[in-house]
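Enquirer: could you work out the structure for the sequence below:
(2 chains)
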Amino acid sequence: NAGVTQTPKFRVLKTGQSMTLLCAQDMNHEYMYWYRQDPGMGLRLIHYSVGEGTTAKGEVPDGYNVSRLKKQNFLLGLESAAPSQTSVYFCASSYLPGVVNEQFFGPGTRLTVL
Amino acid sequence: KQEVTQIPAALSVPEGENLVLNCSFTDSAIYNLQWFRQDPGKGLTSLLLIQSSQREQTSGRLNASLDKSSGRSTLYIAASQPGDSATYLCAVWDNYGQNFVFGPGTRLSVLP
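Expert: Residues are numbered from 1 along each chain as shown, chains lettered A, B, ... in the order given. Here you go, the predicted model:
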């Protein structure tokens, strides 16, 4: 099992550009999450999904959109990147029904917006 | 709103010492609590998961305890090693918010 994978690992954007971050999990987990991690701010939840076709806003959703068209994939989109979105983005998944709700993380995507 | 705090923010100890990291949460209505380790520039690695009905979990030199009624968890690391140097985060599954809420982490340095 690959666990949780993220694509790409690094990206540099110019202000106003758009991009999509891809998260994939092969553990048949129901829940998936996107976080951002900034120095001194800890991990903050952007959006999450409790199942295929569902999404919900987290703590800091502005400027981001998400989609969960397939159970194993969770996409995070930036329509018009801003320097404030420079961060490390982590995807995670959890909850296999009948099993403990343990969260597993991907390796992260380091995004710089110039 | 569930809030999670961790004390201390940073800790530096000589190799071989036993140490305790603390995690506190404001709302006892949690489903579980999970401890993670994060190395610089890396993702989070799950260390231990404690269900709300459990009091503690052990893995090797690590022992995590949970006291729901007082809103506290501790991570005990025995015989610390330089390889234990990392940031340790705790997170609770909040039953009302249906989400994980993270603490800010404790940065641990184990000196050789």
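Enquirer: and residue A:38, how close does it get to chain B?
Expert: Here the distance between residue A:38 and chain B works out to 11 Å (CB to the nearest CB, to the nearest Å). In short, each C-beta sits where N, CA and C put it, glycine included.
Enquirer: residues near that residue, how many?
Expert: 13 (other CB atoms under 10 Å in any protein chain shown).
Enquirer: distance of the closest residue to it other than its chain neighbours relative to residue A:41?
Expert: Spatially, and ignoring its direct neighbours in sequence, residue A:38 is nearest to residue A:87 (5.2 Å; CB to CB, 6 or more residues apart in numbering or on different chains). Distance of residue A:87 to residue A:41, given as CB to CB, to the nearest Å: 9 Å.
Enquirer: so these two - more neighbours on which side?
Expert: Comparing residue A:87 with residue A:41 by other CB under 10 Å, the one with more neighbours is residue A:87, at 21 against 11.
Enquirer: give me phi/psi at the more buried one?
Expert: Backbone torsions for residue A:87, taken as degrees, to the nearest 10, come to phi -170, psi 180.
Enquirer: residues in contact with it?
Expert: Residues counted as contacts of residue A:87 (CB atoms under 8 Å, 6 or more residues apart in numbering or on different chains) are A:36-38, A:111.
Enquirer: which of those has the weakest pLDDT?
Expert: Model confidence across the contacts of residue A:87 bottoms out at residue A:38, which has 92.
Enquirer: who are the contact partners of it?
Expert: With contact taken as CB under 8 Å, 6+ apart, residue A:38 is in contact with A:44, A:87-88.
Enquirer: pLDDT below threshold where in the chain?
Expert: I went with chain A, as the question did not name one. Along chain A, segments meeting pLDDT under 70 span A:96-99.
Enquirer: nope, chain B
Expert: Using pLDDT under 70, the flagged stretches of chain B are B:97.
Enquirer: what's next to stretch B:17-24, contact-wise?
Expert: Contacts of stretch B:17-24 (CB under 8 Å, 6+ apart): B:4-8, B:11, B:13, B:33, B:35, B:71-80, B:88, B:90, B:103, B:106, B:108, B:110.
Enquirer: ignore what I typed, I meant stretch B:58-72.
Expert: Taking CB under 8 Å, 6+ apart as the criterion, the residues outside stretch B:58-72 that touch it are B:22-28, B:30, B:33, B:35, B:47-48, B:50, B:52, B:54-57, B:73-79.
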